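A.B. asks: Pasting the sequence and the predicted model now:
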Amino acid sequence: MKSYDAVIVGGGASGIVAAVFAKRKGASVLLCEKMPKLGKKLLVTGAGRCNLLNEKLNESFYNPEARDLVRSVLGRCGKDAMLGFFRELGLQVAADETGRIFPVTQQAASVLKVLELEVTRLEITVKLDCEVQDLRAVAGAFEVRTASEERFVSPKVILCAGGKSYPALGADGSAYVLAQKFGHTVTEPVPCVVPLLAKDPWCHFLQGQKIRAKVTARVDGKPVSEAAGELLFTQYGLSGTAVLDVSREISIAVNRDGKKIASVTADLIPAMNEGELKKEFGRRLERKFPREELLEGLLPHKFSLAFRDILQKEDVAALVKVLKHKEFKVSGTRGWNEAEFTAGGVPAEEVDIATLESNRQKGLYLAGEVLDVQGARGGYNLAWAWASGAVAGSSI
Ligand SMILES: Cc1cc2nc3c(=O)[nH]c(=O)nc-3n(C[C@H](O)[C@H](O)[C@H](O)COP(=O)(O)OP(=O)(O)OC[C@H]3O[C@@H](n4cnc5c(N)ncnc54)[C@H](O)[C@@H]3O)c2cc1C
C-alpha cells in the first residue's frame, strides 16, 4: 500500500490550497479528486469571473456560530496573506467599487490555472477520477480506500470534499459521511444562496423583470434578514441578489426547522419613502397622468399591468402600501442544483480553532464547505475555502 505524509480528500478550492501548503512544508502529499479535473466548481464561481476575496474580509460576514473559528483562521491567513499567495502564483487581481476582488482577466479559469501550475511545480501527486469512499483509522494512521479499490496509507488526512451544492460539479455530501465515521455530527445541510419558491400570480406575470428593491425575509411574521439589490421575478418565484442574500434564514426555517410560515416583503421603490411617494403620485395626478400610467418612470411598464386593479381605484394610500410592503408568501426554495452554497455541515466547534484538526479524531483535519461556515456573498465563501485550506495544510 502506497503511503504519504498527508492525503487530501477533494481537489476544489480548499483542497488545492491545503495540498500546496502541506507540500511547501516538505510533506509528501496525495490529492484525491473524484472528478476528471481539479476545481470544476471554481470555474463557475462569480458567473465565470470568480469573486475570490473581499477587501472587507473579517469574521462578521459569517454565521455567528462560526465566528470564533473564522476569526482564528483569518488571524493566521487573512486577506493580505491570501492576496500575497495569489500574487506569488502570478495572479493579478483588482477590487470593484464594493470591495469584491476578481482576477484582472475577469476569468475564473485564470485562478484555477495558477493553482494548477503551482500543484505541478511542487510535484504534488494528484489522482483524478479518484473518489475516496472510506477512511479508517488503523494503528495511528488512516487507511484511505477509493471507489476503484485503491488503498493508501497516511498519518494525516485533510477532508476538503465540500458540501452539497451543485452536485454535478463534484461535492454531493460524501464528506459528511466520511466525517461521521469518526464521530462528527452534521448539522442538517440545506441549500443556501438559493432562489425562493413563491406561489404568487405576480411572479408568474412579471417573470423576467428585474428591479432594484429592498427585501426583508420573515419567518412566523418576524423579520430574520434583509438585503438591498436585485429582485428578479421568475416563473416559480423570486431570485436576484437581494433574494439570494436573505435565502439562508428562509431555507433553514422551511427546509430544516419545518416552519410553514415564511415570506419576503419587498420595498419595490426603495429610493423614495412613503411620504415622498405619496407626494409624487399627488403631483402626477395634478398633471393629469392617466390612472393606469401612474407608475410609468418609477417601475418597468409591466408593473403598471400587474398593479392595474389598484391603479383603477386611484387610492394613493393603498398603492403606496403595496409598493413599499409587497408580501410574497414563500413555500420553499429551489434545490441543490441552484444553490451556491450549503448551510449546515460539521459544526465549527468540532475542530481545533488554531489548526482545524478534528477534536474527534487525531490526524484528521477539515477545511472548506464541509464545515458549517457560511459567508455572505461577495467572495467570503472562497475566502473561507482558501484560508481554511492554508491553515489545515500548514498545520499537519
Ligand atoms: C454557481 C456558484 C457560484 C459561486 N460563486 C462564488 C463566488 O464568486 N465567490 C465565492 O466566494 N464563492 C462562490 N461560490 C462558493 C464557492 O464555490 C465555494 O465556497 C467553494 O467552492 C468551496 O470550496 P471547497 O473546496 O470547500 O468545496 P468544493 O469547491 O465543492 O470542492 C470539493 C471537491 O471535493 C471533491 N470531492 C467530493 N467528494 C469527494 C470524495 N469522496 N473523494 C474525492 N473527491 C471528492 C469534489 O469533486 C470537489 O472538487 C459559488 C458557488 C457556486 C455553486
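C.D. replies: Sure, I can see it.
A.B. asks: Pro223 and Val215 touch, don't they?
C.D. replies: No: counting by CB atoms under 8 Å, Pro223 does not reach Val215; the two are 10.5 Å apart. To be clear about C-beta, it is placed using only N, CA and C from the backbone, and glycine gets the same treatment.
A.B. asks: what about these two, which has more around it?
C.D. replies: Val215 (27 against 12; other CB atoms under 10 Å).
A.B. asks: in what helix or strand does that one lie?
C.D. replies: strand 210-219 (DSSP states H and E).
A.B. asks: Report all helices and strands that that strand contacts.
C.D. replies: strand 222-233, helix 241-251, strand 262-267 (3 or more CB pairs under 8 Å, 6 or more residues apart in numbering; DSSP states H and E).
A.B. asks: Find the nearest non-adjacent residue to the residue of the stretch 251-396 of the chain found nearest the ligand, please.
C.D. replies: Residue nearest to the ligand within the stretch 251-396 of the chain (CB to the nearest ligand atom): Gly368, separated by 2.3 Å. What sits nearest to Gly368 in space, not counting adjacent residues and going by CB to CB, 6 or more residues apart in numbering, is Ser14, at 3.0 Å.
A.B. asks: need the strands for the stretch 51-200 of the chain, in chain order.
C.D. replies: Assigned by DSSP state E, counting those that start in this stretch, the strands in the stretch 51-200 of the chain fall at 53-54, 93-95, 100-103, 125-127, 132-138, 141-146, 151-154, 156-159, 187-192, 196-198.
A.B. asks: Could you export those strands as TSV, including mean pLDDT and mean neighbour count?
C.D. replies: Below are the strands of the stretch 51-200 of the chain laid out as TSV (pLDDT from 0 to 100; neighbours: other CB atoms under 10 Å):
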stretch	mean pLDDT	mean neighbour count
strand 53-54	98	24
strand 93-95	98	14
strand 100-103	98	22
strand 125-127	98	18
strand 132-138	96	16
strand 141-146	98	19
strand 151-154	98	18
strand 156-159	98	30
strand 187-192	98	21
strand 196-198	98	24
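A.B. asks: Which among those strands is found nearest to Leu356?
C.D. replies: Ranking the strands of the stretch 51-200 of the chain by their distance to Leu356 (criterion: CB to CB) puts strand 156-159 first, at 8.1 Å.
A.B. asks: in this protein, which residue is closest to the centre?
C.D. replies: Phe341 (3.5 Å; CA atoms, centre = their mean).
A.B. asks: That one contacts Ala171, doesn't it?
C.D. replies: No: taking contacts as CB under 8 Å, Phe341 lies outside contact range of Ala171: 10.5 Å.
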